[in-house]
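Enquirer: give me a model of this one.
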Amino acid sequence: FLAAKIARYEFRSGQVLMNRIYHDPKDRKLRAEADLTIEQGDAGLVFVECKGTAPYSKIDDEEFAKWLQVRIPRIYAATRARPEWSKRKIVFEFWATAPLTPDSQSLFDQATASLNKNRYDIRVRFGPELLSLCTAMADESVIRAFEKHFISRGRPIEGAFA
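Expert: Purely as a prediction, here's the structure:
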């Protein structure tokens, strides 16, 4: 819910759908979930994958690869099969409160280098940028919730979880 509120602000859209399942039009058994689907009128669509974890952890390599190599192609295929979406600009974003591992960063760099931006674009946003969005919203409840659960969450510098 927090990510949806941030997305409404960031993309200036009242059309933010959560947890939508998209099917590959060639094989309906192949499906992918988008945590957020943001419609920007006739201008475009943004699909956001959200990974809210403790900031001292790392994003799981397998999860990140699945987003790049499975979810994006399936969701993209589904958008092209819908006449009302087939001509819209498509952006896929990965929002994470923890950093990528070096392997995932390398995979992302390779994907962006070979990406045909006429089809779609991909972007990754991390905790500091997401916190900046919360701050720009000037909604104290959003800022407090984001800081509590994703910035200062967890454990002291040494020892077990606090």
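
Enquirer: low-confidence ranges, the protein, go.
Expert: For the chain, the stretches flagged by pLDDT under 70 are 153-162.

Enquirer: for the protein, just list every one of the helices.
Expert: Taking DSSP state H as the test, the helices found in the chain are 2-11, 61-66, 72-81, 102-114, 127-137, 140-146.

Enquirer: can you give me the buried ones in stretch 141-154?
Expert: For stretch 141-154, burial by neighbour count (16 or more other CB atoms under 10 Å) applies to 142-143, 146, 150-151, 153. Placement of C-beta: from N, CA and C, glycine included.

Enquirer: can you give me the offset of that stretch from its chain's centre?
Expert: Centre-to-centre, stretch 141-154 and its host chain are 18 Å apart (CA atoms, centre = their mean, to the nearest Å).

Enquirer: same check, this time on stretch 132-152
Expert: The mean C-alpha position of stretch 132-152 is separated from the chain mean by 17 Å, CA atoms, centre = their mean.

Enquirer: can you check stretch 7-16 too?
Expert: The answer for stretch 7-16 is 14 Å, by CA atoms, centre = their mean.

Enquirer: repeat for stretch 85-92
Expert: The answer for stretch 85-92 is 15 Å, by CA atoms, centre = their mean.
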